[in-house]
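Undergrad: Can you look at this prediction? I've put the sequence above it.
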Number of protein chains: 2
Amino acid sequence: MAEEEIQDMAETATVAETVTAAMLIIGNEILSGRTKDANLNHLACELTALGIRLMEVRVIPDIEAVIVDAVNDARRRYDYVFTTGGIGPTHDDITAECVAKAFGVPLIVNPVALKLLEEQVKKRGNVLNEARMRMAKTPEGASLIDNSHSVVPGFLMENVYVMAGVPRIMQAMFEGVKPSLRRGRRMLSRTVACNLPEGTIAEGLGAVQARFPDLEIGSYPSYQSKAGFNVAMVIRGVDEAQIAAAFAEISDLVISHGDTPVEPS
Amino acid sequence: MAEEEIQDMAETATVAETVTAAMLIIGNEILSGRTKDANLNHLACELTALGIRLMEVRVIPDIEAVIVDAVNDARRRYDYVFTTGGIGPTHDDITAECVAKAFGVPLIVNPVALKLLEEQVKKRGNVLNEARMRMAKTPEGASLIDNSHSVVPGFLMENVYVMAGVPRIMQAMFEGVKPSLRRGRRMLSRTVACNLPEGTIAEGLGAVQARFPDLEIGSYPSYQSKAGFNVAMVIRGVDEAQIAAAFAEISDLVISHGDTPVEPS
């Protein structure tokens, strides 16, 4: 085999396939405290399971310039951007307009969305007024995201997925787009829990982290009464053998301080 | 009275005392989905009650450059910045270092924090090791935020409030700083709920919004079975009379479409 080919193979094998994402939660109601967001944790868990790294989440108000800037910033920096909220028929639903502006394209009547809307309006005996027509509009070039729950048009514009804010609709939309997402190497994780104070184990834990720079080791204190332990040390990474080695070292560390390590189920 | 004085008085009377804030939620565990954030909604509600407008929330990972940039960006743009997470004795607790770097000052041993730490370590029979000593460090010039729950040092550096990620500790810290915060004009809010579809009422609602540009009118669909209504239209603003006028107009709008407006308690 030519040296070049070997070099190529080695590179292919070692390049970590990191796929990144950002989430934009759009809506005054989250910032005022009126509404508790329920989409962040759902999306975070789903992306983690797909090997996609959620790098940043921003909660922003219904202000055009802010949304446009946030979309443009995020779509250039990450592989995927997921937005929730601000798609619907009322005046405060401005996400579609803002995404169109961010991409510098007009907001147009999407023929597929219009057909779905016409059917639904007819079925429910409603009128296809101007406000409802807003729900048939997407940026030029966008493709629709399936929505089995309502006629609110989720859409995909290049790498930006625009989804509803209502959790069950957002979740249904995400289920629809999931199969088409590029997956990265899946982050695996194991946890060592114990009853030592964090400050007792911190130095040794830092040393383990230093020996395994490719892993992410986090230490999270818990309510002992609730979780049954005092601190959870979470090891995350893509290499199962490395994680197992770090797991063993942290377990030994716990034992060396006179406690018994536990792996929570 | 001189014309100038009248002008000054008019300006004082009409300038809205808007106090703004941003929140930075620091921690890989939120982005990976391992931990559900519980601080955003708490802080949002508290700030709203104080008349402080939460303009932006960012969830960011335990990466120094990202934290430093986010702190610097936010502290320049908003009156207050509140951070949660990343203060503790372990290697992944880097918020204090990052805030010091953001302000261009060294991280020093804070004498008050050290005294508290020494007392706690003695009381619990622990050792004051290097890891625990991290919890006595704050950026030079910072003042401590009281923490009745543990020895983790919350601190205030100019307009940046650095708080714990554990909700009950974060909440206790916020209670401590609350009295010192400058309050803005309190946002008042009233809600009109009804069972009409959003699309039926959207146009009229947009017209009400256009007539009251100083108010923020949001429309939020609900699960009818849960909330007892189909859509909640929330009117927010600082002027009670304006809110009452918009409330009456939206109520009339609901009636004109054959439904009965309700004000949820």
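TA: That came through fine.
Undergrad: hmm, who's touching the lengthiest helix in chain A?
TA: Criterion DSSP state H: the longest helix present in chain A is helix A:240-256. By Cβ atoms under 8 Å, 6 or more residues apart in numbering or on different chains, the surrounding residues in contact with helix A:240-256 are A:188-190, A:192, A:194, A:196, A:201, A:204-205, A:208, A:211-212, A:214-215, A:217, A:233, A:235-237, A:260-261, A:263. Every residue, glycine included, has its C-beta placed from N, CA and C.
Undergrad: try 7 Å
TA: A:188, A:190, A:192, A:194, A:196, A:201, A:204-205, A:208, A:212, A:214-215, A:217, A:233, A:235, A:237, A:261 (Cβ atoms under 7 Å, 6 or more residues apart in numbering or on different chains).
Undergrad: Those in strands, which ones?
TA: Secondary structure defined by DSSP state E assigns A:188, A:190, A:192, A:194, A:217, A:233, A:235, A:237 of the contacts of helix A:240-256 to strands.
Undergrad: The fifth one: neighbour count?
TA: Burial of A:Ile217 is recorded as 22 neighbouring residues (other Cβ atoms under 10 Å in any protein chain shown).
Undergrad: How about the residues of the stretch 151-265 of chain A by chain B?
TA: A:166, A:197-200, A:202-203, A:205-206, A:209, A:216-221, A:234, A:236 (Cβ under 7 Å from any Cβ of the partner chain).
Undergrad: Tally up the residues packed near the spatially closest residue to A:Pro153 that is not a sequence neighbour, please.
TA: Leaving aside its sequence neighbours, A:Pro153 sits nearest to A:Ala113 (Cβ to Cβ, 6 or more residues apart in numbering or on different chains; 4.5 Å). Neighbour count of A:Ala113, defined by other Cβ under 10 Å: 23.
Undergrad: Could I get the full set of helices for the stretch 101-250 of chain A?
TA: Taking DSSP state H, counting those that start in this stretch, the helices of the stretch 101-250 of chain A run over residues A:111-124, A:130-133, A:167-177, A:198-211, A:224-227, A:240-256.
Undergrad: among these, which is nearest B:Glu119?
TA: Nearest of these to B:Glu119, taken as Cβ to Cβ: helix A:198-211 at 14.0 Å.
Undergrad: The longest helix of chain A: which residues count as buried?
TA: The neighbour-count criterion (16 or more other Cβ atoms under 10 Å in any protein chain shown) identifies A:242-243, A:245-247, A:249-251, A:253-254 as the buried residues of helix A:240-256.
Undergrad: next one: that helix to chain centre, how far?
TA: With Cα atoms, centre = their mean, to the nearest Å as the basis, helix A:240-256 stands 29 Å off its chain's centre.
Undergrad: What mean pLDDT does it get?
TA: Taken as a whole, helix A:240-256 carries a mean pLDDT of 98.
Undergrad: Give me the angle between it and helix A:198-211.
TA: Per axes from the mean of the first three to the mean of the last three Cα atoms, to 10 degrees, the angle that helix A:240-256 makes with helix A:198-211 is 150 degrees.
Undergrad: Can you give me the distance of A:Asp259 to B:Gly204?
TA: Taking Cβ to Cβ, to the nearest Å as the measure, A:Asp259 falls 65 Å from B:Gly204.
Undergrad: thinking again about what came up before, Throw together a ChimeraX command that grabs the buried residues out of the contacts of helix A:240-256.
TA: To isolate the buried members of the contacts of helix A:240-256 in ChimeraX, using 16+ other Cβ under 10 Å:
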select /A:188,190,192,194,196,201,204,205,208,212,215,217,233,235,237,261
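Undergrad: Report the contact partners of the residue in the stretch 151-265 of chain A positioned nearest to chain B.
TA: The stretch 151-265 of chain A approaches chain B most closely through A:Ala202 (3.3 Å), counting by Cβ to the nearest Cβ. Residues in contact with A:Ala202 (Cβ under 7 Å, 6+ apart) are B:89-90, B:131.
Undergrad: go again using 10 Å as the cut-off
TA: By Cβ atoms under 10 Å, 6 or more residues apart in numbering or on different chains, the residues touching A:Ala202 are A:196, A:219, A:231, B:88-93, B:129-132, B:134-135.
Undergrad: helix or strand right after the helix-or-strand element of chain A with minimal mean pLDDT?
TA: When each helix and strand of chain A is scored by mean pLDDT, DSSP states H and E, helix A:3-14 comes last, with a mean of 43. Note on helix A:3-14: by DSSP states H and E, the next helix or strand toward the C-terminus is strand A:19-26.
Undergrad: neighbouring contacts of whatever helix or strand comes next after that following strand?
TA: For strand A:19-26, the following helix or strand on the C-terminal side (DSSP H and E) is helix A:28-31. The contact list for helix A:28-31, computed with Cβ under 10 Å, 6+ apart, reads A:25, A:34-37, A:39-40, A:59-63, A:84-86, A:92, A:165, B:21, B:23, B:40-41, B:44, B:47-48, B:53-57, B:216, B:218-220, B:232, B:234, B:236.
Undergrad: Show me how to select, in PyMOL, the buried members of these.
TA: To isolate the buried ones among these in PyMOL, judged by 16+ other Cβ under 10 Å, type:
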select buried, (chain A and resi 25+34+35+37+39+40+59+60+61+62+84+85+86+92+165) or (chain B and resi 21+23+40+44+47+48+53+54+55+56+57+216+218+219+220+232+234+236)
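Undergrad: Narrow the contacts of helix A:28-31 to those in strands?
TA: Per DSSP E, the subset of the contacts of helix A:28-31 in strands is A:25, A:59-60, A:84, B:21, B:23, B:53-57, B:216, B:218-220, B:232, B:234, B:236.
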